[in-house]
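Colleague: give me the fold of what follows.
(chains A and B)
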Amino acid sequence: MSSIADIASRFSAVAPACDTWTLRVERHRSESLSVTRGVVDPVGLGDDLGVMVTVYADGAFGYAATSDVTTSGLARAGRAARDWATRAAGRAIAVPLPRRGQPVTHDAEAPAAMPWHSVSRADKLDRLRKAAAALKTDDRIATWDAGVRFSDVESVIVSADGDFIRQRYGLVIPGMEASASDGNETQTRTFGRGGAIRQGGLEVLDELGFWDAAPRIAAEALELLTAADCPTGDMDLLLAPDQMYIQIHESIGHPLELDRILGDERNYAGTSFVTPDMFGSYVYGSKILNVSFDPGLVSEAASYAYDDDGAPATRALLIRDGILERPLGSETSQKRANMSGVANARACSWNRPPIDRMANLNIEAGDRTFAQMVAGVENGIYMETNTSWSIDDSRNKFQFGCERGRLIKDGVLGAVVKNPNYRGISATFWRNLKALGDATTVQVQGTPNCGKGEPNQAIHVGHATPPGLFAGVSVFGGG
Amino acid sequence: MQDQFNALADAVTARLKGDEGFLLNFGGETSQFVRFNHAAVRQPGTVEQSYLSLELFRGKRHAATSITVVGMPAEDIARVDAALTALRDVLADTPEDPHFLINTVPQSTTRDLPHALPTADDALSAILDAGAGEDLVGFYAAGPIHAGFANSFGQRNWDTVHSFCFDACFYLQADKAVKFDYGGTHWDGRAFTAKVEAAKMHLHALARPAHTLAPGGYRVYLAPAAMEEVLGMLSWGGFGLADHKTGTTPLLRMREGATLSPMVTLTENFADGLAPQFQGEGFVRPDAVTLIRNGRYVDCLAAPRSAAEFDAPQNGAEGGEFPLALDMAGGALAEADILRTLGTGVYVGNLWYLNYSDRNACRMTGMTRFATFWVENGEIVAPMNVMRFDDSAYRMLGDNLVALTAAREPRLATDTYGARSRRSMTLPGAVIDDFRLTL
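Modeller: Numbering: from 1, shown residues only, chains lettered A, B, ... in the order given. As a prediction, this is how the structure comes out:
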């Protein structure tokens, strides 16, 4: 099979007549290893290769994607993209022709201290089997599993202007789960429920403490089975990083996506309570809230040098000292809105066009140790590990549930409670942020399945965050 | 394309060594995708994709790989050769799988549903004409979707459906909008126009000042589109054999004897759905599987792997044991009597972003979205601002279920994650008492 750079190099000879074009070739090679209820699951491999051609002609864009990467397939895709531009001409949302100046040449692979293939599959399966076995500590553990999915993601972007951008990275997604069940009650603990996703190789599993996590996960599932329900009331809420990431994701990330603000997502993922006039003055959160778009943090899930439109990616603050500064808007959205943004045009694979996405969207560290944060709570609750998430289509009214809660009384962590939930409104919630953990408390989290777009796209994003303490939150339990 | 697939199956057969066998699944589509915003084209394009999933087995050792193919024999056979080499390496590393269950009795089928799709130019013109003067935002997807299966026992299955779906909203302002969709296998310009005009009619009702409710219990009518969200939530683990056997199902209490309203009958109605007639291990699906009858749990969806593990018969489900053609029986409520039966309460056109707030209690939360109205004495009074609900299916579809409509609406899934969905539901609307709105 041709290298993806070779495939890209063949397109210029068959490109259609047009004002400009880009070609993105992507190859995702993957391997899934897992053990469920004591049995090694069938190993799953994947090799997903295809191209996306984007053409600009007659004042409009058109795209065509194909898994046929032969020269004739590339030519057919080029013609199809050109035809769509012709069809859309005069009837499309006006987007100026992209101009970037000097052609870009970039060729880089993200480092991995311990590459995925440096350990044999048999050895990896053996370690997973042992980890999974350590979850089955009690007859009440009704289901248990441990697994890792690895993806080797490689892309090349070439353009009529002479750009050549090749990027490659490994993506590691570990998972571990134990459900304890007794009659009408089942409680589940997981290894971050998908939030433990990072770029790199097998070293990621060591850094995350994956191999040693099973006994704690099983014990906590059993503990939850007999725990009291989370109490109801307004109280201080301390969120662990493995819940903070989804709070950031849903109630900061999505509302700041500029294509939402421009209305593109109103039929599917929704609109935003944020409007263009709010940038520069709107008080999004308390003064300790600083939110960055940071595509350069090594090992975070969505680190890259160039986005899928070929724009160079650099760090930028979106919220500074609580004030909203900048949206998550790519070059195209920036031109449509006449606003500055970031390099966040991303596609989940070769068969989808880039749209505005979160990438690495992080909360900057505060100045408290975890112990200091707990000590500052008179009546509150500490919640760990997201299990339920829901928010309105303007990204305002939200409700989240966590796997595990611990009551805090007079500055001391106390009893474990099950079914901890809380609800609130984005526009006021972040203004009640009282404290953030210091640099020692920051964890790199993320999610492999951020959904958006038409056609739909599920993409991985990163969220590095410390724990956060919020005042006066409506908390409740199950039943 | 079917011939190319069968040729690949023959090529794999010819390459088997010793006691090896294989399963081959094909998924492909050539899709026109057009996004619209503000009644103009936002992103138009075509996606042509062909995926081959090759599973190699030797006894009870097995492994699978998913690869893209191009449709040219020389290139594709080279990829299959590389895949076989990789899979043989995997088999050397993996133990026997006690849950390995595949169909070994060939049941070959072919289905190519009749269709009449518009050209891309015609569809684009019809949609833009419909949106003229309005704030139309939406998505058009159309074209053929193919599924194929082959195995080393000589079974060959092929299924092609040519379908379209236009899923859209007319917006009045901010988050006030009417959602509608038009999909199927035969485009009818008059039917499309009727859908558009009906949506525009509802848009006028949104112009009144919006009503905001205090949290509390309200009588509601959930339109079929809203019921689709509730049933979609229940489908995540609610009907799978593995979820029931391990106690992780949100319908855990039904496993222990709890019941829903006698009005609730749910069936996995494969025969009337758009999903292929066969599943990934080669079993041909039965016409129907009754899941809940008159409020009592009857059966689970059982994929072959779960069936082997839990010693139950498989019934055509895929690995996730998620319904593909869920069918809810209708009730007695006539369309004309919906508002009168609702009386004073909330007409919910759509729900959105559901999730569980207490899985053991099958308690779910979510938001109202799009056209939702406050109704007094059977008359629509005002559009509603969005509200959050948080309530249990045992209440919503149990004691608090007042009535189901006699008319049922086919709901074709519009999702396109990775590929265009072939799931569907057929659902009535429901009047529910004391529906808990919380924020």
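Colleague: only C-alpha atoms for contact and neighbour calcs from this point on.
Modeller: Will do.
Colleague: what about residue 405, how many residues nearby?
Modeller: Picked chain A for this. By other C-alpha atoms under 10 Å in any protein chain shown, the residues close to residue A:405 number 27.
Colleague: was after chain B, sorry
Modeller: The local packing of residue B:405 (other C-alpha under 10 Å) involves 23 other residues.
Colleague: that's a strand at it, yeah?
Modeller: Yes - the assignment for residue B:405 is a strand, going by DSSP: H, G, I helix; E, B strand; the rest coil.
Colleague: wasn't residue B:232 part of a strand?
Modeller: No - counting by three-state DSSP, residue B:232 is not found in a strand; it is helix.
Colleague: look up the pLDDT of it for me, please.
Modeller: Per-residue pLDDT puts residue B:232 at 98.
Colleague: likewise residue B:274?
Modeller: Residue B:274 is assigned 89 on the pLDDT scale.
Colleague: any idea how far the closest residue to it other than its chain neighbours lies from residue B:412?
Modeller: Setting aside the residues directly before and after it, residue B:274 is nearest to residue B:422 in space (C-alpha to C-alpha, 6 or more residues apart in numbering or on different chains), at 5.5 Å. Here the distance between residue B:422 and residue B:412 works out to 8 Å (C-alpha to C-alpha, to the nearest Å).
Colleague: residue B:207 too?
Modeller: In this view, residue B:207 and residue B:412 are 29 Å apart by C-alpha to C-alpha.
Colleague: thinking again about what came up before, specify the local secondary structure of the residue nearest to residue B:274.
Modeller: At residue B:422, secondary structure determined by three-state DSSP is coil.
Colleague: which ones are touching it?
Modeller: Residues in contact with residue B:422, defined by C-alpha atoms under 8 Å, 6 or more residues apart in numbering or on different chains, are B:274-275, B:324, B:412-413.
Colleague: can you tell me if stretch A:51-64 touches chain B.
Modeller: Yes - interface with chain B: stretch A:51-64 contributes A:61-64 (C-alpha under 8 Å from any C-alpha of the partner chain).
Colleague: now for residue 374, how many residues are close by?
Modeller: Assuming you mean chain A. 21.
Colleague: if you could check chain B rather than the one you did, that'd help
Modeller: When neighbours are counted by other C-alpha under 10 Å, residue B:374 registers 22.
Colleague: quick one, phi psi at it?
Modeller: With angles defined as degrees, to the nearest 10, residue B:374 sits at phi -90, psi 130.
Colleague: could you chop chain B up by domain?
Modeller: Following automatic domain parsing, chain B resolves into domains at B:2-205, B:216-437.
Colleague: quick check: end-to-end length of the longest one?
Modeller: In terms of C-alpha to C-alpha, the two terminal residues of domain B:216-437 are separated by 5 Å.
Colleague: which residues of the stretch 301-439 of chain B lie near chain A?
Modeller: Contact residues, the stretch 301-439 of chain B versus chain A (C-alpha under 8 Å from any C-alpha): B:352-358, B:360-361, B:363, B:365-369, B:386, B:388, B:415-418, B:439.
Colleague: switch to 7 Å and redo it
Modeller: The stretch 301-439 of chain B has residues B:353-358, B:360-361, B:366-367, B:415-417 near chain A, with proximity defined as C-alpha under 7 Å from any C-alpha of the partner chain.
Colleague: counting neighbours, which of those residues comes out on top?
Modeller: Result: residue B:357 is most packed of these (other C-alpha under 10 Å), 31 neighbours.
Colleague: which of the three states applies to that one?
Modeller: Going by three-state DSSP: residue B:357 is strand.
Colleague: contact partners for it?
Modeller: A:388, A:401, A:421, A:478, B:363-365 (C-alpha atoms under 7 Å, 6 or more residues apart in numbering or on different chains).
Colleague: make a ChimeraX selection of whichever of those residues turn out to be buried.
Modeller: To isolate the buried members of the contacts of residue B:357 in ChimeraX, using 16 or more other C-alpha atoms under 10 Å in any protein chain shown:
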select /A:388,401,421,478 /B:363,364,365
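Colleague: residue B:278 and chain A, how far apart?
Modeller: Separation of residue B:278 from chain A (C-alpha to the nearest C-alpha, to the nearest Å): 21 Å.
Colleague: please apply the same query to residue B:83.
Modeller: 9 Å.
Colleague: where along the stretch 51-200 of chain B do the strands fall?
Modeller: B:61-68, B:109-112, B:135-151, B:156-173, B:176-184 (DSSP state E, counting those that start in this stretch).
Colleague: same list, these, but as TSV with mean neighbour count and mean pLDDT please.
Modeller: Below are the strands of the stretch 51-200 of chain B laid out as TSV (neighbours: other C-alpha atoms under 10 Å in any protein chain shown; pLDDT from 0 to 100):
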stretch	mean neighbour count	mean pLDDT
strand B:61-68	23	98
strand B:109-112	14	94
strand B:135-151	24	98
strand B:156-173	22	96
strand B:176-184	22	94
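Colleague: now tabulate those in CSV and tack on distance to residue A:207.
Modeller: CSV is the format used below for the strands of the stretch 51-200 of chain B (distance: least, C-alpha to C-alpha, whole Å):
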stretch, distance to residue A:207
strand B:61-68, 29
strand B:109-112, 51
strand B:135-151, 42
strand B:156-173, 45
strand B:176-184, 47
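Colleague: export those to JSON lines and tack on distance to chain A?
Modeller: As requested, those are arranged in JSON lines below (distance: least, C-alpha to the nearest C-alpha, whole Å):
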{"stretch": "strand B:61-68", "distance to chain A": "4"}
{"stretch": "strand B:109-112", "distance to chain A": "23"}
{"stretch": "strand B:135-151", "distance to chain A": "5"}
{"stretch": "strand B:156-173", "distance to chain A": "6"}
{"stretch": "strand B:176-184", "distance to chain A": "8"}
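Colleague: between these, which gets nearest to residue A:177?
Modeller: strand B:61-68 (22.9 Å; C-alpha to C-alpha).
Colleague: ok, residues contacting the closest one?
Modeller: With contacts defined as C-alpha under 7 Å, 6+ apart, strand B:61-68 is touched by A:42-49, A:67, B:50-57, B:83, B:87, B:90-91, B:94-97.
Colleague: please repeat the previous calculation with a cut-off of 8 Å.
Modeller: By C-alpha under 8 Å, 6+ apart, the residues outside strand B:61-68 that reach it are A:42-50, A:67, B:49-57, B:79, B:83, B:87, B:90-91, B:94-97.
Colleague: quick one, helices of the chain?
Modeller: Defaulting to chain A. A:4-9, A:71-88, A:121-133, A:203-208, A:214-225, A:241-248, A:258-261, A:331-337, A:370-375, A:426-429 (DSSP state H).
Colleague: think we crossed wires, I meant chain B
Modeller: For chain B, applying DSSP H gives helices covering B:2-15, B:73-93, B:120-131, B:189-205, B:224-235, B:241-246, B:252-255, B:304-310, B:338-342, B:393-394.
Colleague: mean neighbour count for the ones you listed - can I get that in CSV?
Modeller: What follows is the helices of chain B, written out as CSV (neighbours: other C-alpha atoms under 10 Å in any protein chain shown):
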stretch, mean neighbour count
helix B:2-15, 17
helix B:73-93, 16
helix B:120-131, 17
helix B:189-205, 15
helix B:224-235, 21
helix B:241-246, 21
helix B:252-255, 20
helix B:304-310, 20
helix B:338-342, 19
helix B:393-394, 20
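Colleague: can you list those helices in JSON lines and add distance to residue A:447?
Modeller: Formatted as JSON lines, the helices of chain B follow (distance: least, C-alpha to C-alpha, whole Å):
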{"stretch": "helix B:2-15", "distance to residue A:447": "36"}
{"stretch": "helix B:73-93", "distance to residue A:447": "28"}
{"stretch": "helix B:120-131", "distance to residue A:447": "36"}
{"stretch": "helix B:189-205", "distance to residue A:447": "36"}
{"stretch": "helix B:224-235", "distance to residue A:447": "21"}
{"stretch": "helix B:241-246", "distance to residue A:447": "24"}
{"stretch": "helix B:252-255", "distance to residue A:447": "28"}
{"stretch": "helix B:304-310", "distance to residue A:447": "28"}
{"stretch": "helix B:338-342", "distance to residue A:447": "41"}
{"stretch": "helix B:393-394", "distance to residue A:447": "28"}
